[in-house]
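*Asks:* Predicted model follows, preceded by the sequence.
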Amino acid sequence: MTTAELIGARLKALREERCLSQETIAQRMQSYRQLVRRIEKGTHEATLTTYERYAKALEVSLVWDVLSVLEPKPPVIYEWGSIMVPALDQPACDLPCAVPFSRSHKTVLSGLGLCFENATSLDAVKRVLASTFVEIWATGKKPLFACPAAYLPVDGGTMHFAVPLLLASGEVMTLRASDPVAECVPTMVLPQIRFVLDVGPRTRIIA
Amino acid sequence: MTVAEHIGARLKALREARGLTQRDVALRAGIHQSMISRVENGRVGVTLDALERQAKALGVRLVVDAR
């Protein structure tokens, strides 16, 4: 699936979520339904401006970025606070636990409509998201670790999505779902992550 | 800063970090050098195809999220 097809499918899904017709989007874009249809099918060689106009008509934001994928990344063990997880398949119950926020019990990942119980491990998140995504990326906006990104391979369809999370350290992290990147090493080790509902729209994460 | 300017600046930084000229990238991407310049400067009319070719030539992958 090409990037144009991925974006088109994502925009189409968002349009249908909002019960908007292609005609409505076309009117908001001051364009033609044919253009909307071709963008959604990924067959139109659209400019960034055109995609932005579509997104504006949907009242959503498109976030463009580039990820380095061709340079092999060595397996890394991430140390997150005092917790070090030696393997992805280690049961969450065996891991040391941080003290959760007493008022919290679950969190909702905005846009996905998914709820995770408190103290959910990344592995559990992976299982839940497996029906939707092929990979879950964990990337920090700041260089939190020796390696800028890691991913969890999961089974399922392909769709781009990013979930901003606020770390206990105050730094923002993004869980990013994407389609397969063959050059990445699938043996990254990730820490257990605990999701805690925050009062605001952001999700607080404790590991 | 517009989206095009943001992504253009990212690609320019990646190119310079790799010690490549716009001409190098143009040859790798199979597009004209002027298009490389247009992308890096965030000009209007840049197509997704050109953006992807340029990203691929730099060994990076274009990612788009809708929120």
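*Replies:* Nice, I can see it.

*Asks:* tell me, how many neighbours does residue 48 end up with?
*Replies:* Looking at chain A here, since you left the chain open. When neighbours are counted by other C-beta atoms under 10 Å in any protein chain shown, A:L48 registers 24. Where you see a C-beta, it was placed from the backbone N, CA and C, and this is true even at glycine.

*Asks:* other chain: chain B
*Replies:* For B:L48, using other C-beta under 10 Å, the count is 22.

*Asks:* what residues are up against it?
*Replies:* Residues in contact with B:L48, defined by C-beta atoms under 8 Å, 6 or more residues apart in numbering or on different chains, are A:T3, A:A4, A:I7, A:E45, A:A46, A:T47, A:L48, A:Y51, B:L62.

*Asks:* can you tell me how far the closest residue to chain A within chain B sits from A:V66?
*Replies:* Closest to chain A within chain B is B:G59: 3.7 Å, counting by C-beta to the nearest C-beta. Distance, B:G59 to A:V66, using C-beta to C-beta, to the nearest Å: 10 Å.

*Asks:* who has more neighbours, the two?
*Replies:* Legend: neighbour count by other C-beta under 10 Å for B:G59 and A:V66, higher for A:V66 (19 against 15).

*Asks:* Show the pLDDT at the closest residue in space to the more buried one that isn't next to it in sequence.
*Replies:* With C-beta to C-beta, 6 or more residues apart in numbering or on different chains as the criterion, A:V66 has its nearest non-adjacent residue at 4.2 Å, and that residue is B:V60. Note on B:V60: pLDDT of 82.

*Asks:* does B:V60 really touch B:A17, like I thought?
*Replies:* No. The criterion here is C-beta atoms under 8 Å, and B:V60 misses it with B:A17 at 10.6 Å.

*Asks:* Show me what the residue nearest to A:V66 bridges to in the sheet.
*Replies:* A:S68 (DSSP bridges).

*Asks:* How many neighbouring residues does it have?
*Replies:* Other residues close to B:V60 by other C-beta under 10 Å number 20.

*Asks:* Please apply the same query to B:L51.
*Replies:* 23.
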